[in-house]
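Asks: okay, predicted coordinates and the sequence, questions at the end:
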Protein chains: 2
Amino acid sequence: MNVFAVPGLPEVRPGDDLAALVEAQADLRDDDVLLVASTVVSKAEGRRADLEDFPAGPRAREIAERLEAISGEEKDPRFAQAVLEESTEIIVEAPFLLTATKFGHVGVNAGIDRSNVGGAGDGEASDDGADLLLLPERPSESAARIRENLDSDPAVVVTDTSGRPFRHGQRGVAIGWAGIPASRDWRGEEDRDGHELEVTVEAVVDELAAAANLVTGEGDGGLPVAVVRDWEFGDHEGSDNLYRDVDGDFVRQALRGWEFARD
Amino acid sequence: MNVFAVPGLPEVRPGDDLAALVEAQADLRDDDVLLVASTVVSKAEGRRADLEDFPAGPRAREIAERLEAISGEEKDPRFAQAVLEESTEIIVEAPFLLTATKFGHVGVNAGIDRSNVGGAGDGEASDDGADLLLLPERPSESAARIRENLDSDPAVVVTDTSGRPFRHGQRGVAIGWAGIPASRDWRGEEDRDGHELEVTVEAVVDELAAAANLVTGEGDGGLPVAVVRDWEFGDHEGSDNLYRDVDGDFVRQALRGWEFARD
């Protein structure tokens, strides 16, 4: 399996054809997996926004005040409002906002990015007035659209980076995918000694996103597109059921009933 | 970056020199990352055990009875006892046992494996009487030991697979590492537009483990060793602080106070 970043992509603007931009820089093959960072998908889909677009309601003001008290840092209630509007559920309000996005992903601040927007950021006026970058509305549809516009026929995965419980640090995750199931299913298969496997469903799109993140990097040298080549999904059942629903997610249930308290 | 599984490793026995077994099958380079599944590390370190080694105390019996009531399946209290003895904290007792291992990893059943043990499994007598495979006691020390015994000088990562909140499926994770920091730190670096990055610490050992899991597979065709070649950690600060402590882990705090209840 070979993993490489695609260099030379220009700054992406609303309405840009990402498929064309990528194919101008890389010869893709039908059995490749193309991994595209959500930032450039969002930019192409016009998902930049301005804090002024989110006049804060009472709940957002309350959340921002609480976060400000906890952190000692100024918090803009309009940012909390943006998070509320991008979410179907606020799972944790403090010490940070953890929410479920409309498409099922659970992340801090609904995945809204305040760096790398391509404007001045941090609430200051930028060349196009945008200082927030929202996640794509339906990332699997974004992946399908990119895939349709390609001349070749690779799988496409839209990636993000995300923290997690129990372990420090971020790692790449998938938030949308097309042309590949999210997971492969080893159920019913046996180990070397003839016992049925305990570990059964492998979230391959997340593993592909993690592999891509190793080569794309962050920061001013960061590249938003990578390719996984010469990897096979193999002869397995697949599933697109990546996001747990609340009933099957004990951590989400526990967090719902939890209240942050300072020592 | 190139990722490939190492074929041809024999069934690993207690006392085996994993470094020698791997080098007999692969020409490693100094800048490779060698990824070794915890199963074979455990086997080499004699971490097979038998249920009979864990006579169940009152708490284990209570836990097993509760899990039996919830699942409708027979639960061996000796297995619960084994999990207790491998753990420093039982974070969740039901509907499954989620614990913190002595070396900091949080996982279901303290990572104890009942498949792929190389015996008969499932509580039946096997050729060496073992039906459990415990995780290595100190996986980063295991990684360091493998590394010392190699003729070449790659980084070594001991891997496992693990589920996670919010998302279905398992993915590869690191539980031990040597010759490489667990994470690389992008703090202080700026994005393309000159803003300081929000995403700052990348858990590279977990991403390497995820990449390896894509090529090693599970089951009777599964291979326990992979190599990542032509990948660079780069010029970054590193950190070995991978496991959150309880104070900084809100999910762990929330789970401590949570009680599973059936609808």
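Replies: Happy to help now that I have it.
Asks: which ones are touching A:Asp17?
Replies: Going by Cβ atoms under 8 Å, 6 or more residues apart in numbering or on different chains, A:Asp17 touches A:Ala44, A:Asn149. Every residue, glycine included, has its C-beta placed from N, CA and C.
Asks: distance check, it against B:Asp27.
Replies: 44 Å (Cβ to Cβ, to the nearest Å).
Asks: identify the residue nearest A:Tyr13 in space, chain neighbours excluded?
Replies: Quick fix: residue A:13 reads Arg, not Tyr. Nearest non-adjacent residue to A:Arg13, counting by Cβ to Cβ, 6 or more residues apart in numbering or on different chains: A:Lys43, 6.8 Å away.
Asks: for the one you found, what is the enclosing helix or strand?
Replies: A:Lys43 is part of helix A:38-44 when elements are defined by DSSP states H and E.
Asks: does the residue nearest to A:Arg13 really touch A:Leu9, like I thought?
Replies: No. Assessed by Cβ atoms under 8 Å, A:Lys43 is found out of contact with A:Leu9, at 10.8 Å.
Asks: higher neighbour count, those two?
Replies: A:Lys43 (25 against 20; other Cβ atoms under 10 Å in any protein chain shown).
Asks: quick check, pLDDT for that one.
Replies: We note a pLDDT of 96 for A:Lys43 in this prediction.
Asks: helices and strands around the helix holding A:Lys43, which ones?
Replies: In terms of contacts (3 or more Cβ pairs under 8 Å, 6 or more residues apart in numbering or on different chains; DSSP states H and E), helix A:38-44 is packed against helix A:18-23, strand A:132-133, helix A:139-149, strand A:155-162, strand A:171-178.
Asks: output the first one as CSV, nothing but the C-alphas.
Replies: I take that to be helix A:18-23. Extracted in CSV, the C-alpha atoms of helix A:18-23 (Å, rounded to 0.1, in the frame of the first residue of the first chain):
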residue,chain,number,x,y,z
LEU,A,18,-12.2,19.9,-6.9
ALA,A,19,-12.1,16.8,-9.1
ALA,A,20,-10.5,18.9,-11.9
LEU,A,21,-8.1,20.6,-9.5
VAL,A,22,-6.9,17.2,-8.2
GLU,A,23,-6.6,15.6,-11.6
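Asks: and it, which residues are buried?
Replies: A:Leu18, A:Ala19, A:Leu21, A:Val22, A:Glu23 (16 or more other Cβ atoms under 10 Å in any protein chain shown).
Asks: identify all contacting residues around it.
Replies: A:6, A:9-10, A:12, A:28, A:34, A:36, A:40-41, A:44, A:146-152, A:225.
Asks: average pLDDT across that helix?
Replies: Mean predicted lDDT for helix A:18-23 stands at 98.
Asks: centre of the chain to that helix, how far?
Replies: 20 Å (Cα atoms, centre = their mean, to the nearest Å).
Asks: over to the shortest one?
Replies: Centroid separation for strand A:132-133 versus its chain: 13 Å, with Cα atoms, centre = their mean.
Asks: same question for stretch A:233-248.
Replies: 17 Å.
Asks: so what's the residue most central in space within chain A up against?
Replies: Taking Cα atoms, centre = their mean, the centroid of chain A lies closest to A:Asp160, which sits 3.1 Å from it. A:Asp160 makes contact with A:Ala37, A:Ser38, A:His105, A:Gly107, A:Gly111, A:Leu135, A:Gly172, A:Val173, A:Ala174, A:Ile175, A:Ala209, according to Cβ under 8 Å, 6+ apart.
Asks: and those as a markdown table, adding pLDDT?
Replies: Conversion of the contacts of A:Asp160 to a markdown table gives the following (pLDDT from 0 to 100):
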| residue | pLDDT |
| --- | --- |
| A:Ala37 | 97 |
| A:Ser38 | 97 |
| A:His105 | 97 |
| A:Gly107 | 95 |
| A:Gly111 | 95 |
| A:Leu135 | 98 |
| A:Gly172 | 96 |
| A:Val173 | 98 |
| A:Ala174 | 98 |
| A:Ile175 | 98 |
| A:Ala209 | 98 |
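Asks: of all these, which comes closest to chain B?
Replies: A:Gly172 (6.4 Å; Cβ to the nearest Cβ).
Asks: measure the closest one to A:Gly238 for me?
Replies: 20 Å.
Asks: cool, A:Glu73 as well?
Replies: When A:Glu73 is compared with A:Gly238 (using Cβ to Cβ), they lie 44 Å apart.
Asks: which of the two has more residues huddled nearby?
Replies: A:Gly238 (15 against 7).
Asks: shouldn't that one be in contact with A:Asp185?
Replies: Yes. With contact defined as Cβ under 8 Å, A:Gly238 reaches A:Asp185; the gap is 6.8 Å.
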